[in-house]
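> sequence plus predicted model, see below.
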Amino acid sequence: MARFPKPFNWKPINPKKYAGDVSKIISRSSWETRLFSYLDKNPSVLLWNSEDFIIKYISPIDGQYHNYHIDVIAKIKTKSGEEKTFAIEVKPAAQMVEPKPGPNKKSKVLLEQIETYQVNQAKWKAAKAFCEQKGISFIVLNEYDLGIEKRKSK
């Protein structure tokens, strides 16, 4: 399974933009920290919150209901002046595509990657359905979207 860094309390520069208790903003990765900083500083972002949105989904691994905490909900003023709400998840690009066996990939690693992919797909399917009913756009951002990595040219 993936190893996660130790979560830490993140402090906004513009606490009035945060819809929640600013003393309880938890960042679980440098990628989330980058997203939080963007949301906090960007004047188009009117309001945001982290992990305050919970969606039930059925895990394909155990067939049981689980809670999915979406990383961020943000209300953003678009270039056209329209206010839109986005549910935003941050995930590595590698978890967004179905894993394939490779010559140097161990079967245990491949199995873990397949399980992660299947669970993510179940979460995102539930999130898309829920968000669609509420008029919210669901998006998944990866290291390329966040400007952490540059896409390799082909």
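Now that the structure is in, tell me what you want to look at. Residues are numbered from 1 along each chain as shown.
> correct me if wrong: Pro92 contacts Asn142.
Yes: the criterion here is CB atoms under 8 Å, and Pro92 meets it with Asn142 at 6.1 Å. (C-beta placed from N, C-alpha, C; glycine too.)
> other SSEs contacting the helix ranked longest in the chain?
For the chain, the helix with the greatest residue count under DSSP state H is helix 107-134. Where contact means 3 or more CB pairs under 8 Å, 6 or more residues apart in numbering; DSSP states H and E, helix 107-134 is packed against strand 45-58, strand 65-77, strand 83-90, strand 137-141.
> pick out the residue closest to the middle of the protein.
Most central in the chain under CA atoms, centre = their mean is Glu89, positioned 1.4 Å from the mean C-alpha point.
> next one: it from Ala127, what distance?
Between Glu89 and Ala127 the computed distance is 7 Å (CB to CB, to the nearest Å).
> anything in contact with each of these two?
Counting by CB atoms under 8 Å, 6 or more residues apart in numbering, the shared contacts of Glu89 and Ala127 are Ile70, Phe138.
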